[in-house]
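Colleague: Predicted model follows, preceded by the sequence.
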Amino acid sequence: MAAVRDKAVVVTGAGGGIGAALARRFAAEGARVVVNDLDEAKARKTADEIGAVAVAGDASHIVPAAREALGGGGIDIFCANAGVGTGGGPEAPEEDWALAWDVNVMAHVRAARELVPEWLARGSGRFISTVSAAGLLTMVAAAPYSVTKHGAYAFAEWLSLTYRHRGIDVHAICPQGVRTDMLAATGTAGDLVLTPTAVEPEEVAEALFAAMAEGRFLVLPHPEVADYYTARAAEPDRWLGGMNHLQQKLEQAEGRS
């Protein structure tokens, strides 16, 4: 698509899963792509496959290194895709909560802090946040993940409402289950809630490009999430009752009831 060709694109968490699918799709559309991942070998593997540049390291501090890898030029599109799927509830260790906040929310804030001034100066830029349906709804057995994904969605929403009239486009990708290593690590909760309707990472990339072409903020690879989101807002007690039923099913499956 014309909006992507020759653009400088950075994708964090692109060593596999959704990030790798996004990187492949942007490269196929003629973009100049920087593949970032904490795992250098995975970043390099994805980059080598698509003729991109690999920049390993913490997604929170990647913008300066990505600019350098692109030859010192600006970044046109930033995909804040890296995330952690921390489970548990209030009993989860402080370090687990801190990691979820740092990766799922603050990495997005830090990237925007670096990029927004550049984009405002030239009147264009695109920020893509891989959130999750958990950011619109919630996820059983994963309080740190659910809470921080709500935060990631709220930040993307704030960026959009604040800067859209100044040329900055923002998209929030909110899938349910996607067949990635993260899904495989969700255990019984994932098997119960996410696996039955899981999609491939490439389907998420397709949904993003459709939203970009149509100028839509919200990207829903699972269209039914829109109905769940509407029900959550319109009848919160009924929705919470349904989610509690899922929680009870989870406890039964795990032999806790």
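Modeller: Thanks, I have it.
Colleague: use CA for all of it now, contacts and neighbours both
Modeller: Noted.
Colleague: Give me the buried positions along stretch 156-163.
Modeller: Neighbour-count burial for stretch 156-163, counted by 16 or more other Cα atoms under 10 Å, picks out 156-157, 159-160, 163.
Colleague: Make CSV out of the residues you listed and add distance to Asp191, pLDDT and secondary structure.
Modeller: Putting those into CSV (distance: Cα to Cα, whole Å; pLDDT from 0 to 100; DSSP: H, G, I helix; E, B strand; the rest coil) gives the following:
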residue, distance to Asp191, pLDDT, secondary structure
Ala156, 29, 98, helix
Glu157, 30, 98, helix
Leu159, 34, 98, helix
Ser160, 34, 98, helix
Tyr163, 39, 98, helix
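Colleague: my read: Ala141 touches Ala189, true?
Modeller: Yes - counting by Cα atoms under 8 Å, Ala141 sits close enough to Ala189 to count as a contact (6.8 Å).
Colleague: So these two - more neighbours on which side?
Modeller: In this view Ala141 and Ala189 are compared by other Cα atoms under 10 Å, and Ala189 has more residues nearby, 23 against 19.
Colleague: Show me what the one helix or strand that one maps to is packed against.
Modeller: Taking DSSP states H and E as the definition, Ala189 sits inside helix 187-193. Here helix 187-193 touches helix 236-253, going by 3 or more Cα pairs under 8 Å, 6 or more residues apart in numbering; DSSP states H and E.
Colleague: Determine the set of other helices and strands touching the helix it packs on.
Modeller: Identification of packing neighbours for helix 236-253 by 3+ Cα pairs under 8 Å, 6+ apart yields helix 187-193, helix 225-234.
Colleague: Outside of the longest one itself, list whatever touches it.
Modeller: Read that as helix 225-234. Outside helix 225-234, the residues that touch it by Cα atoms under 8 Å, 6 or more residues apart in numbering are 133, 136-137, 176, 220, 238-240.
Colleague: which among those residues gets closest to Arg5?
Modeller: For the contacts of helix 225-234, the residue nearest Arg5 by Cα to Cα is Leu220; the value is 23.9 Å.
Colleague: isn't that closest one right up against Val178?
Modeller: No - Leu220 is not in contact with Val178 according to Cα under 8 Å; the separation is 12.0 Å.
Colleague: Neighbour count: the two, which is higher?
Modeller: Higher neighbour count among Leu220 and Val178: Val178, with 24 against 20, using other Cα under 10 Å.
Colleague: Could you give the bridge partners of the more buried one?
Modeller: Val199 (DSSP bridges).
Colleague: Model confidence for it, exactly?
Modeller: Note for Val178: predicted pLDDT of 95.
Colleague: What distance do you get for it to Leu194?
Modeller: According to Cα to Cα, to the nearest Å, Val178 and Leu194 sit 8 Å apart.
Colleague: And for Ala41?
Modeller: According to Cα to Cα, Ala41 stands 29 Å off from Leu194.
Colleague: chain center to the worst-scoring helix or strand of the chain on mean pLDDT, what's the gap?
Modeller: Across the helices and strands of the chain, mean pLDDT, DSSP states H and E gives its lowest value to helix 181-184, namely a mean of 80. Mean C-alpha position of helix 181-184 versus that of the full chain (Cα atoms, centre = their mean, to the nearest Å) differs by 14 Å.
Colleague: next one: stretch 35-43
Modeller: Worked out by Cα atoms, centre = their mean, stretch 35-43 lies 16 Å from the chain centre.
Colleague: So for the helix or strand hosting Arg110, what gets flagged as buried?
Modeller: In the assignment (DSSP H and E), Arg110 maps to helix 107-122. Neighbour counts over helix 107-122 (16+ other Cα under 10 Å) mark 107-112, 115-116, 118-119 as buried.
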